[in-house]
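Asker: the amino acid sequence is not available; the structure is as follows:
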């Protein structure tokens, strides 16, 4: 066997470190002796050397070696020595490898330039797909759309390309026209049309229609318990603000596939929102055991640090996630909230703005930006940003509540705030944040009957410790101390560490209205020993819109 054949054997057997050692030596010899390698063999040796370095994650040196191979290839073409070695790696493949090195080195403009140097006729499907993703990452939507379309025309079942096209604004009907002729001849593929429709609705922000379509895929097709469908359903609910349904969908997906990474950053955010520390810690540790090369495990760890008040670590972990994926809005949002908690408001504003540049329809980013302006006492900008949220997202319950929350901070705009919150409740009569804020405004104007009626109506839909605590406060102020005590009791039943409910109950008891031992079952030692009073949302005088809601 020749030296080149020995190198090829090592390469074929994927002995990368051995390839690196031998190629380094042989290539040095070839500089002084032309007998050891022909021009074609030297070119292929450089390619093998570069591939071995790439596999060993030495991307910088691999890129240099691949470029040396390209230079030699050009010489071979000019001198027509290529014919001596017809089975060499094509130039297009070497350029693709160089692009991959640049991507790993975060040199996206260089990666794009390398792929663009491949002529349109020579571009393979993987080249067009790679170019499309790079264009999308750098905000070049028009060329990204062109490249994704090229992929879908040649390979109609490249469904990820179809999804990205819909996210870029291409109508679902146009996507279907490319895919339907293919699936019509395939067995058991009738679900594809509904799948396209579901993603088209999601891309168009028609969340109710998207949720219906994804639910149909899960319940009426052979895609029952498919984790991709469940993840998309969870993403739809999350985008629409239906956090409870999003949590259920993503928990179900995680249960079906514990190795799943997709949208697990959203699951972590939802668990943090629910203050479910135990499950969040388990999820974060499990995901870190799977990989440290994806953003989702780092986001889960950051969310855990937020709920356990380790804010500095949360900043580090969210930055690590962003380094791995600079299109991750969850990483930007999380770091923005953490920086706000650390009182670094201007830095926080930068991160929320960056998240909005990636996804202008991300409510959590709008909310974060508004809260930053409020924290910086920039009232006009806060009102302007909240108004812009309503214009961007439409007059949804969430957007109107955010606007009402800002307006409520100025006594001169209380009436306008109430109008916004009442409108929010017309869109969703059981939207908790709007109900609690409006009740607080009613109570502030001594309209206690309205405040009590509003919270009682909310309790018919959901029973939470904070709602019972609020109702107890209003009843106490309305001199209905016995009923107030009952509400505080229920609040402590649901959450024994609710210090504000305990405080309210003790105040009510002082009025001498307690005539039985109905509270004897509450463990006062558990309640009195609580360290978590500062974490609780809502009180009889505080709005339920939490300034430290990291979801």
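Answerer: That came in fine, so what should we check first? Since the model is a prediction, treat every value here as computed from it, not as a measurement.
Asker: my read is that residue 118 contacts residue 130, right?
Answerer: No - using Cβ atoms under 8 Å, residue 118 is not in contact with residue 130; the gap is 10.3 Å. All C-beta spots, glycine's among them, are computed from the backbone N, C-alpha and C.
Asker: looking at these two, which one has more neighbours?
Answerer: Shown here are residue 118 and residue 130; by other Cβ atoms under 10 Å, residue 130 has more neighbours (22 against 18).
Asker: and the next helix or strand past the helix or strand hosting that one?
Answerer: Secondary structure assignment for residue 130, by DSSP states H and E: helix 125-137. Heading C-terminal from helix 125-137, the first helix or strand you meet, by DSSP H and E, is helix 141-154.
Asker: what strand or helix carries residue 491?
Answerer: Going by DSSP H and E, residue 491 is part of helix 481-494.
Asker: helices or strands next to that helix in the packing?
Answerer: Packing partners of helix 481-494 (3 or more Cβ pairs under 8 Å, 6 or more residues apart in numbering; DSSP states H and E): helix 465-477, helix 499-509.
Asker: may I see the buried residues of the shortest one?
Answerer: Applying a neighbour-count criterion of 16 or more other Cβ atoms under 10 Å, the buried positions in helix 499-509 are 499-505, 507-508.
Asker: quick one: the residues you listed as JSON lines, columns for distance to residue 279 and pLDDT too.
Answerer: Shown next, in JSON lines, are the buried residues of helix 499-509 (distance: Cβ to Cβ, whole Å; pLDDT from 0 to 100):
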{"residue": "499", "distance to residue 279": "24", "pLDDT": "87"}
{"residue": "500", "distance to residue 279": "25", "pLDDT": "88"}
{"residue": "501", "distance to residue 279": "24", "pLDDT": "86"}
{"residue": "502", "distance to residue 279": "26", "pLDDT": "88"}
{"residue": "503", "distance to residue 279": "29", "pLDDT": "87"}
{"residue": "504", "distance to residue 279": "30", "pLDDT": "85"}
{"residue": "505", "distance to residue 279": "30", "pLDDT": "86"}
{"residue": "507", "distance to residue 279": "35", "pLDDT": "83"}
{"residue": "508", "distance to residue 279": "35", "pLDDT": "78"}
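Asker: give the contact list for the residue nearest to residue 203 when sequence neighbours are not counted.
Answerer: Of all residues not flanking residue 203 in the chain, residue 166 sits nearest, at 4.0 Å (Cβ to Cβ, 6 or more residues apart in numbering). For residue 166, the contact set (Cβ atoms under 8 Å, 6 or more residues apart in numbering) comprises 172, 175, 196, 199-200, 202-203.
Asker: also residue 8?
Answerer: Here residue 8 is in contact with 44, 48 (Cβ under 8 Å, 6+ apart).
Asker: residue nearest the centroid of the protein?
Answerer: Computing the C-alpha centroid of the chain and ranking residues by Cα atoms, centre = their mean puts residue 330 first, at 4.0 Å.
Asker: measure it to residue 11 for me?
Answerer: 40 Å (Cβ to Cβ, to the nearest Å).
Asker: verify the stated contact: residue 147 with residue 135.
Answerer: Yes - Residue 147 lies in contact with residue 135 (Cβ under 8 Å); the separation is 6.5 Å.
Asker: could you give the number of residues near residue 43?
Answerer: 26.
Asker: secondary structure class for it?
Answerer: Per DSSP: H, G, I helix; E, B strand; the rest coil, the secondary structure class of residue 43 is helix.
Asker: what about the stretch 451-551 of the chain, any weak spots by pLDDT?
Answerer: 512-551 (pLDDT under 70).
Asker: shaky segments in this structure?
Answerer: For the chain (pLDDT under 70), the answer is 81-86, 512-551.
Asker: for it, longest helix please?
Answerer: Assignment by DSSP state H gives helix 59-79 as the longest helix of the chain.
Asker: about what we covered before: and the furthest pair within the contacts of residue 166?
Answerer: 175 and 202 (12.8 Å; Cβ to Cβ).
Asker: list the residues that contact residue 305.
Answerer: With the criterion set at Cβ under 8 Å, 6+ apart, residue 305 makes contact with 311, 313-314, 317.
Asker: quick one: the longest helix of the chain to chain centroid distance?
Answerer: Centroid displacement of helix 59-79 relative to its chain, using Cα atoms, centre = their mean, to the nearest Å, is 39 Å.
Asker: that helix - contacts with which helices or strands?
Answerer: Helix 59-79 packs on helix 39-55, helix 91-104, going by 3+ Cβ pairs under 8 Å, 6+ apart.
Asker: who wins for proximity to residue 324 among those?
Answerer: helix 91-104 (11.1 Å).
Asker: tell me the helix or strand right after the helix or strand where residue 269 lies.
Answerer: Element membership of residue 269 [criterion: DSSP H and E] is helix 264-273. Using DSSP H and E, the helix or strand that follows helix 264-273 in sequence is helix 277-290.
Asker: what comes up buried for that next one?
Answerer: 280-281, 283-284, 287.
Asker: then stretch 378-396?
Answerer: 381-383, 385-390, 393, 396.
Asker: same question, stretch 475-490
Answerer: 475-478, 480-481, 483-490.
Asker: check those residues against residue 301 and report the nearest one.
Answerer: Nearest to residue 301 among these, with distances taken as Cβ to Cβ, is residue 490, at 35.4 Å.
Asker: the closest one is in contact with residue 469, isn't it?
Answerer: No - Residue 490 lies out of contact with residue 469 (Cβ under 8 Å); the separation is 9.0 Å.
Asker: about what we covered before: switch the contacts of residue 166 over to JSON lines; also include neighbour count and distance to residue 462.
Answerer: Converted to JSON lines, the contacts of residue 166 look like this (neighbours: other Cβ atoms under 10 Å; distance: Cβ to Cβ, whole Å):
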{"residue": "172", "neighbour count": "19", "distance to residue 462": "35"}
{"residue": "175", "neighbour count": "24", "distance to residue 462": "39"}
{"residue": "196", "neighbour count": "23", "distance to residue 462": "35"}
{"residue": "199", "neighbour count": "24", "distance to residue 462": "31"}
{"residue": "200", "neighbour count": "24", "distance to residue 462": "32"}
{"residue": "202", "neighbour count": "24", "distance to residue 462": "27"}
{"residue": "203", "neighbour count": "20", "distance to residue 462": "31"}
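Asker: so who does residue 93 touch?
Answerer: Counting by Cβ under 8 Å, 6+ apart, there are no residues that residue 93 touches.
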